[in-house]
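[1] Just to be clear, the model below is a prediction. Sequence and coordinates:
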Amino acid sequence: MNENRIIYRSRSDQMVAGVCGRLAEWLDLDPSIVRLIFVLLALAVGHGILIYLILLLVMPLEPEVKA
C-alpha cells in the first residue's frame, strides 16, 4: 500500500457521501463490508456515526476528471 496516497471521498461509489466507497478502495476491501462495519459500529456502540461524520468532514471530495 502506498502511504502517500490521499484519501478522497468517492464521486462514483457512494450511497451517502462516498466515505465508505473510497475507504474500501483504499483498504482493498469490498465497499459492502466497510458499510456493514459502520452500521454495526453505529448499532452496537454508536461510534460508527461519529467516525463517519468525522471522516465526512476531514476527507476532501474526489477532484472531477476533465476530459
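    Perfect, I can see it now. Numbers count the residues shown, from 1 in each chain.

[2] C-alpha from now on. contacts and neighbour counts both.
    Fine.

[3] Correct me if wrong: residue 26 contacts residue 7.
    Yes. At 7.2 Å, residue 26 counts as touching residue 7 under the criterion of CA atoms under 8 Å.

[4] So which bits of the longest helix anywhere in the chain are buried?
    Of all the segments of type helix in the chain, defined by DSSP state H, the longest one is helix 31-44. Of the residues in helix 31-44, 31, 34-35, 38-39, 41-42 count as buried by neighbour count, 16 or more other CA atoms under 10 Å.

[5] And stretch 18-35, by the same measure?
    Within stretch 18-35, the residues that count as buried by 16+ other CA under 10 Å are 18-24, 31, 34-35.

[6] Which single one of these is nearest to residue 56?
    Closest to residue 56 out of the buried residues of stretch 18-35 is residue 19 (6.4 Å), distances taken as CA to CA.

[7] Let me know the pLDDT of the closest one.
    Looking at residue 19, its pLDDT reads 78.
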